[in-house]
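Undergrad: Sharing a sequence plus its predicted fold:
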Amino acid sequence: MLVIVGIVVVFGSIAAGYLLEKGHFLVLLQPAELLIIGGAALGTLLVANPKHIVVAIMKSIPRTVTGSKYTKAYFLETLKLLYDLFVHIRKVGPAAAEADVEDPKSSQVFSQYPKLLADRAALHFICDSIRTFSSGTVGHHDLDQIMESDMEVGQHERQVPVDALSTVADSLPGLGIVAAVLGVVITMGSLGGPPEEVGHKVAAALVGTFLGILLCYGLVGPLASNLTKLNDDESHYYQVLRRGVAAFTKGVAPLIAVESARRNIPNHLRPAYSEMGKALRKSE
């Protein structure tokens, strides 16, 4: 929601300031300039990136409006899941718990957390790590390195679409200049005509530069920055999962393993120890 408010503030402030100076708003409405800049930007995106990255960008944009799902409540639910899972493994043993990680939807542990069950990437991260641990052939140090490598791959995949969108943002001022130059070419062809017609064409050419800079620094660039922060939130979440699983596989008690995970939650989202303890007692 803040993204929509921010966009309204950016464009509203510019429009209001322009009108206060008695500018003619209709002069800024240049569909041809917008077509040149927007179409060229889309074309550069398609030229520079394979299909899966373009699709990833389109899927990522709505996330800027919905915001991060990694709230304090979401982290608390995750801590409860990890605790229940660790206690369950302690009771039945790693070998018997393989059924839970092989089919999480049928697991009595995972089925209690439908929101987390719907996060397939995080679910696979937990289940694959526990499955590897249950095999008994991998030490906890090696498992921690495996999880770290998995996180690095995921972070890279999430960041590639953001970098591609940032490249598009960087190209917009240049594309605005292209639109402006074309406008100047058209203006030069109309020299000798009525002054008001020449003036209108010059204004239209300058709007091209204006739109390119505005779209870069007022829309596309900030969207890319927002997505970077959302990716950072997701990286923090996986760090929490990693620390919890790594601590448990070292042999510490489930509560201490979950506390290790809690300490890796960012401060503004971290539940207090008392909150976590209360939530864990309810889940028992």
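TA: Nice, I can see it. Since the model is a prediction, treat every value here as computed from it, not as a measurement. Numbers count the residues shown, from 1 in each chain.
Undergrad: which strands and helices sit next to the helix or strand hosting residue 204?
TA: Under the criterion of DSSP states H and E, residue 204 resides in helix 195-215. Where contact means 3 or more C-beta pairs under 8 Å, 6 or more residues apart in numbering; DSSP states H and E, helix 195-215 is packed against helix 25-28, helix 31-48, helix 140-189. To be clear about C-beta, it is placed using only N, CA and C from the backbone, and glycine gets the same treatment.
Undergrad: OK, contacts around residue 119?
TA: Applying C-beta atoms under 8 Å, 6 or more residues apart in numbering, we find residue 119 in contact with no residue.
Undergrad: May I have the host helix or strand of residue 60 as PDB, with CA atoms only?
TA: Element membership of residue 60 [criterion: DSSP H and E] is helix 51-66. C-alpha atoms of helix 51-66 as PDB (Å, rounded to 0.1, in the frame of the first residue of the first chain):
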ATOM      1  CA  LYS A  51      12.000 -15.500 -20.900                       C
ATOM      2  CA  HIS A  52      12.200 -16.800 -17.300                       C
ATOM      3  CA  ILE A  53      13.700 -13.600 -16.000                       C
ATOM      4  CA  VAL A  54      11.100 -11.500 -17.800                       C
ATOM      5  CA  VAL A  55       8.400 -13.700 -16.200                       C
ATOM      6  CA  ALA A  56      10.100 -13.400 -12.800                       C
ATOM      7  CA  ILE A  57      10.000  -9.600 -13.100                       C
ATOM      8  CA  MET A  58       6.300  -9.500 -13.900                       C
ATOM      9  CA  LYS A  59       5.600 -11.800 -11.000                       C
ATOM     10  CA  SER A  60       7.700  -9.700  -8.600                       C
ATOM     11  CA  ILE A  61       6.100  -6.300  -9.300                       C
ATOM     12  CA  PRO A  62       2.800  -7.200  -7.400                       C
ATOM     13  CA  ARG A  63       5.000  -8.000  -4.300                       C
ATOM     14  CA  THR A  64       5.900  -4.300  -4.000                       C
ATOM     15  CA  VAL A  65       2.200  -3.500  -3.500                       C
ATOM     16  CA  THR A  66       1.300  -6.500  -1.100                       C
END
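Undergrad: Residue 86 contacts residue 248, correct?
TA: Yes. Assessed by C-beta atoms under 8 Å, residue 86 is found in contact with residue 248 at 4.9 Å.
Undergrad: between these two, what contacts are shared?
TA: 254, 257.
Undergrad: ok, and what's touching the lowest-mean-pLDDT helix or strand in the chain?
TA: Sorted by mean pLDDT, DSSP states H and E, the helices and strands of the chain end with helix 25-28, the least confident at a mean of 78. Defining contact as C-beta under 8 Å, 6+ apart, one finds that helix 25-28 is touched by 15, 18, 19, 200, 203, 204, 207, 210.
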